[in-house]
Each structure stands twice: as structure tokens, then as C-alpha cells.
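Visitor: Starting from these lines, generate the structure:
(one chain, ligands or ions: 1)
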Amino acid sequence: MSAAETADRPADPRPARTVNDARSFAGAEGALATLCRSGVLDAADLHITQRLARLCGEPVGEVAQVGAALAVRAVRYGSTCLAVSRVAEIVGPWAETVSPDLPAPEELIRALTDSALVRGAGTGPLRPLVLASSADGPLLYLRKYFRQEQLIREALMAREQTRPDVDPAAVTEAVDDVFGPAEAGSVDLQRVAAQMAAVSWTLVVAGGPGTGKTYTVARILSVLDRLGGGSVRIGLCAPTGRAAAQLQAAVSADAAAPASVHAVTVHSLLGWRPGSTPRYGRGNKLPYDVVVVDETSMLSMTAMSRLLDAVRPDTRVILVGDPHQLASVEAGAVLADLVDREGGIAPLPLPEGIGSAVPAGLADRDRVERGVVTLQRGHRFGGGIAEVAGAINRGDADAVVALVTDPDLTEVSLVSPDELDGVRADVAAWGAAMSSAGALGDAPAALDALDAHRVLCAHRDGSWGVQGWSRRVVDWLAEGDTDSGHGRSPAMGSSSPGGVWAASPTAHPGEPLLVTANDRQTATFNGDSGVVIRSGNTLEVVFRRGTEIRRLHPTRLADVVPLYAMTIHRSQGSQFDGVTVVLPPEGSELLTRELLYTAVTRARRHVRIVGSADVLAAAVRRRVQRASGLRSPVAVTTP
Ligand SMILES: Nc1ncnc2c1ncn2[C@@H]1O[C@H](COP(=O)(O)OP(=O)(O)OP(=O)(O)O)[C@@H](O)[C@H]1O
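Guide: Coordinates of the predicted model:
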């Protein structure tokens, strides 16, 4: 099955073309027309391609236009380039209608190499496409994305040419001070990460949820602060407002982290407003000695290139995240690419004293020397969930099905969509606990109840999506307890500008809410969840951020919806005691290994998967593989 470029799509598989769509494909002929009519390309892919062809000053043949259009499409699906040798795979689901007309990879390369799109025209300098060779075969880029990727490649390579000048004995002393003395005979990857941070300009700290990434970062910052004499300037950032707020809360609560660090979004750090050029960049470098990016898996390639352009060569950059999670909604999967990176120049030897501290028998030693430390030990959830998550990551569908159907593994289970009694009981307990804590005005208990269970769906719409399951949950709650008021809010299912309670007298204590947009004034962010509680004669909405509980008057919240189920995408960055993951009844293009992994790892104690073993196995096998040239060296093959 085609990878990713079909799998990592923002919506369900597209419907058949309408008459209007057909009109918007005017000017497409031959294979280009077939690709449009079949749904492989959409109108925007075609229009961008036609525009590029017009601007490059010479007629462009149909085959080269097909290549260009597929490269435009690749970016739309999250890749940074088109892996030309994989075009047959990419059009796989449409093979019957498309394959007879689809040019072979060699034909595409020939046509592109001869085309003004790649080699340029005599009349002008515009060469919008770049062809490069790589270990994954020929790659075709839109020039803008090639430049960004090249910038990342060159920046990382330059940063690998030297190591920070530190005294290894001082590093060992600082690490011992922060982590305590090393235990003989055991490998502590968190310590290794701190040692590597001291001697590398770039470090990746990877790991699943609860493996101690934030814990490690707090200690790395403390080690670096000690090495810098207590005057190290630290820039902490994350791709989204919510991730930045959570990072801030976690770091502030950790006594090991240097005081007064302030986490912001990557965009804020760079002084980058929508539609403008970032304030910090090549000519105006960021003033930090250390820059930490959390949740790097969500960072787009464009943002990563801007960030690396803006850091000084002697700024340590620490990229933190889970490479198996869903990638950015924009093009690029930079964290996963950096973790998988192979080839290129050999890493510089580690300084005496540090090299010996990185155990020789470490399975990942090669990667560690390249500055990638993957934390393995889970500190948060049970072994069963970690086992299933590991099998999902390996793509071992049989093992996943065996684990979730093993009656001895109580942490994870698979239930048929016809046997929902267990889910219903959990939902009823969840609603009842929120209602009673909400009625009592007990904010901590209401928030504990809120996070005790969550229904996660792959889809937004339809009976197996958030829409259908929200109604189901509301019905269950209403049947179980006529006093609770669950689901009575007229704002159900839609955001309600102006404050939901201004218009709704039916909001009730115990009602769970989801924030759907960032609001700096209330410090609430898209994806935050809160719960309504009674407060004297009025109501409050309470949110938890780290150990702090925030209380807001309902009218201050404009963009909230009742929360009875949420998409897996939205749940990124959150964890709940128990999770019910709803699979669609038929295999869905949206349901991929990465989505399933993200869903399962939202749970701290128990995961129940609603669906069939076949759909589950299909999801494990369907992988998002974003094409990119960051995993191995690339060489431009055309001028
Ligand atoms: N070495 C350790 N010793 C004791 N507690 C630890 C250690 N490492 C992590 N923890 C604890 O385990 C929990 C999870 O750690 P942390 O939040 O750093 O994980 P994470 O990888 O950042 O998780 P997430 O990706 O979900 O944010 C925290 O309570 C943390 O304090």
C-alpha cells in the first residue's frame, strides 16, 4: 500500500469528482488529465504545476508536468519531495485507472532532466524544480523545499564539525552532582544524554511518553548551567502554544531546572508573525547559549530550517520528542528523519572521559555518538501498554493482535463494536465522577475525574467519528443519570464565539470542555480540556497545567465545545488514565501506525480498542512514510 502520501492525509479518501471539479481541470491532457480525474491530483496541484510551467519561459512537456504535479502533491501530503522511484506505490489505490497512463520513473527522470522546470530556460532564471540522487533513489523537489532541507543539512553538518570546548572532568562532576553518583554496571541513558549534551552542538533526546524526556531536559539544563558558571542563556520552545505551556509547567515544577526559564512557541522565539519574515535569522542570531525544542515531532521542516538559521554556531540545540508520533501537519518529519539519519561524515571522537562514560556495549552507541539518545525506560505507564506500543512501532501486526486479545494482559484489550458494555460502564463512571465533583466545586477531584477516561476517534465525522461517539456518550450519560445535565448544552458540537455560557443557561457542573483555539489572555490553548464546577452561586471552568489549577469564569472562554470524545490528532500531548480508542469499522486511509501509536500511548493505565482485529492489523501495517532527503546524503543531479 502506498505509503504515506496516501495515508497521511488530512481527510478521508476523496469522493468522486464532480462536474465543477472537472471544469477546474481545464488544460490537463493525457496522463495529467487521468491523474486529475482519478483523484490522485487535485485542482490546486494542477494549477500550481501549470503556473510553474508558464513561468519558466519554455514549453514544458506533459511527462515533466506529471512529475511536477506529483511533487506538488507530495508536499500536500507532508513529504518534502517526491521519491520518483515510488510513483507506482503512490498511485497504488488508484492503480486501475491511472497505471496504464503513468510514466515510468526513468521516463519521468529523462523528461524532467530535459525540462526547463529543472534545467532552466534561456529566457529567465526560474528553475522551480530540483532533481537529486539519494539512498532512496531520485528525489524531485520544489526548489523552496530543497533550499530548506539543504539549509538543515548544511547547518547540522557544520555543527558536527566541532565539539564544544569543555573539560570532561567538569562534565562528569556536574552530571554526578545533578543525577547523583553513577550506579556501577547499569546504563542510564538519561545521564548519557546529559553527557552528550555537554559535548555536542546538536542533541536529539527521543523517547515515548513517560520515558523522562522532560525530566532529562531539566537536568541537562542544570548541567549546562553549572558548566557555564550559572549564566547560561536558555531559550525553551515548542511548536504549539499548548506544548509550550505544558513545557513551562513541567520545567517550573522541577527543582533541578534552572530558575526563571520561560517556554514560548517556536514562532515567538523567532519573532515570526504570520506572513512576515522572522525577526531572528541568518543576519540576527538568537541570543541564547542553549535552545531546547520540545515536541519536535510536530515541527515542520520550514520552522526547523528557520530555527537552525537563527541559532549561532556555538549555541547548543537540543531537540526533544517522540519520533513515532504523528508528524507536523505541514511538510516534513524532521525529528523522525534525524533519528533515522544514516551515512554522511563520521562523528567526531568523544573527548577522553566522556567516551568512556558512554558504555561500549550500548546497542545504540553509534547513534549516541551522532548525538541521538533514545530513552527507553517508561516511568509512567504499565509494561503492557509499552509492549503493545513497541509492537505497533515495529509494524508487527500479529504481535499487536495477539497482545490485545491476550486475556492475561489486562492493560490493553480489544472489544467488538457490538460489545460496548465495558465502555459504557467506564463512561458512566467518568460522567458521574465529574458531575459529583463539579457539583461540590471540588476542582482537583473534577480534573482527576476528567482525565480518568477519554474516548478517542480516528475520524471527526460520521458514526465512528467524534461526532457520532459524542452523541453516543451523551445518550449513555443522560440515560444513566437524569440529573447530570450532560450534553444539554446547545453549544454541543460547535464552538460558540462570545462565551458559551452567555447564550446557554444549561451549562452544568461536571460538563467536560475542549478548547478549540489559542487565547493568550486566558492562557488556554487549542487542545486543552477543562471541566465546569460550581463556585458559590456561579460556575467556573477549571483547567490543570502541571500542578497548577486555573479557574476561569465561563464567559471568558470563547472557543470551547463540550468534550465527550476527541480526535486522536487533538489528543497529542495529553495523557489519561484510561483510553477507549474507536477504530472505524472498515480500513480507513486515515488510520495508520502512527495514529494508532499516538492513541495507545495516551493511556497511563488501560487502553480499550473498539474495532475488529482485521482493521487493527491493517492500521499497524499502514505506515506514514514521508519522503525526505534528510535521512541520508543527497546530491543534486542537475545544475
Ligand atoms: N530517572 C528518573 N527517576 C525518577 N523519576 C523519573 C525519572 N525519569 C522520569 N521520571 C518521572 O517520570 C515521569 C515522566 O517523566 P517525563 O514527564 O519527563 O516524561 P516525558 O518523556 O517527558 O513524557 P511526555 O512525552 O509524556 O511529556 C515524571 O513524573 C518524571 O518526574
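Visitor: Quick one: the strands in the stretch 151-300 of the chain, in order.
Guide: 202-207, 234-238, 263-265, 290-293 (DSSP state E, counting those that start in this stretch).
Visitor: would JSON lines of those strands with mean neighbour count and distance to Thr547 be doable?
Guide: Every C-beta, even on glycine, is put in place using the N, C-alpha and C of the backbone. JSON lines is the format used below for the strands of the stretch 151-300 of the chain (neighbours: other CB atoms under 10 Å; distance: least, CB to CB, whole Å):
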{"stretch": "strand 202-207", "mean neighbour count": "25", "distance to Thr547": "22"}
{"stretch": "strand 234-238", "mean neighbour count": "25", "distance to Thr547": "18"}
{"stretch": "strand 263-265", "mean neighbour count": "20", "distance to Thr547": "16"}
{"stretch": "strand 290-293", "mean neighbour count": "25", "distance to Thr547": "21"}
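Visitor: Make TSV out of these and add mean pLDDT and distance to Asp398.
Guide: Output for the strands of the stretch 151-300 of the chain, formatted as TSV (pLDDT from 0 to 100; distance: least, CB to CB, whole Å):
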stretch	mean pLDDT	distance to Asp398
strand 202-207	97	26
strand 234-238	97	36
strand 263-265	96	41
strand 290-293	98	36
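Visitor: so which of these gets nearest the ligand?
Guide: Among the strands of the stretch 151-300 of the chain, the nearest to the ligand by CB to the nearest ligand atom is strand 202-207 (5.3 Å).
Visitor: what packs against that closest one?
Guide: If contacts are counted by 3 or more CB pairs under 8 Å, 6 or more residues apart in numbering; DSSP states H and E, strand 202-207 sits against helix 143-160, helix 189-199, helix 213-227, strand 316-321, helix 334-340, strand 372-375.
Visitor: mind checking which of these is nearest Glu173?
Guide: Glu173 lies closest to helix 213-227 among these, at 8.3 Å (CB to CB).
Visitor: what about whichever residue of the stretch 251-400 of the chain sits closest to the ligand, neighbour count?
Guide: Nearest residue of the stretch 251-400 of the chain to the ligand (CB to the nearest ligand atom) works out as His379 at 3.1 Å. Neighbourhood size, His379 [other CB atoms under 10 Å]: 11.
Visitor: just to revisit the earlier point, adding mean neighbour count and distance to the ligand, write the helices and strands packed on strand 202-207 out as a markdown table.
Guide: Supplementary listing: the helices and strands packed on strand 202-207 in a markdown table, determined by neighbours: other CB atoms under 10 Å; distance: least, CB to the nearest ligand atom, whole Å:
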| stretch | mean neighbour count | distance to the ligand |
| --- | --- | --- |
| helix 143-160 | 18 | 23 |
| helix 189-199 | 26 | 5 |
| helix 213-227 | 23 | 3 |
| strand 316-321 | 25 | 8 |
| helix 334-340 | 24 | 12 |
| strand 372-375 | 24 | 7 |
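Visitor: Tabulate these (CSV), appending mean pLDDT.
Guide: Output for the helices and strands packed on strand 202-207, formatted as CSV (pLDDT from 0 to 100):
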stretch, mean pLDDT
helix 143-160, 95
helix 189-199, 95
helix 213-227, 95
strand 316-321, 98
helix 334-340, 93
strand 372-375, 95
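Visitor: Of all the ones you listed, which one is nearest Ser571?
Guide: Among those, the nearest to Ser571 by CB to CB is strand 316-321 (15.9 Å).
Visitor: and Val447, helix, strand or coil?
Guide: Just to correct that, residue 447 is Leu rather than Val. Here Leu447 is helix, with the state taken from DSSP: H, G, I helix; E, B strand; the rest coil.
Visitor: For the remainder of this discussion, apply numbering that starts at 885.
Guide: Will do, 885 is the new start, and the previous item becomes Leu1331.
Visitor: so what's the backbone phi/psi at the spatially closest residue to it that is not a sequence neighbour?
Guide: Nearest residue to Leu1331 in three dimensions, chain neighbours excluded: Arg1428, at 4.7 Å (CB to CB, 6 or more residues apart in numbering). Backbone torsions of Arg1428, given as degrees, to the nearest 10, read phi -110, psi 130.
Visitor: Need the helices and strands packed on strand 1086-1091 in TSV (columns: distance to Phe1063).
Guide: TSV is the format used below for the helices and strands packed on strand 1086-1091 (distance: least, CB to CB, whole Å):
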stretch	distance to Phe1063
helix 1027-1044	25
helix 1073-1083	5
helix 1097-1111	6
strand 1200-1205	16
helix 1218-1224	23
strand 1256-1259	14
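Visitor: quick one: which of these is nearest Gly1274?
Guide: Using CB to CB, the helices and strands packed on strand 1086-1091 put strand 1256-1259 closest to Gly1274, at 12.3 Å.
Visitor: what element comes up after the strand or helix carrying Val1339 heading to the C-terminus?
Guide: Element membership for Val1339, per DSSP states H and E: strand 1337-1341. Per DSSP H and E, the first helix or strand lying C-terminal to strand 1337-1341 is helix 1350-1364.
Visitor: could you list every residue that touches the residue nearest to Leu939 when sequence neighbours are not counted?
Guide: Of all residues not flanking Leu939 in the chain, Leu1010 sits nearest, at 5.5 Å (CB to CB, 6+ apart). The neighbours of Leu1010, taking CB atoms under 8 Å, 6 or more residues apart in numbering as the test, are Leu939, Cys940, Gly941, Gly1004.
Visitor: same question, Ala1187
Guide: So Ala1187 contacts Pro1123, Val1150, His1151, Ser1212, Glu1214 (CB under 8 Å, 6+ apart).
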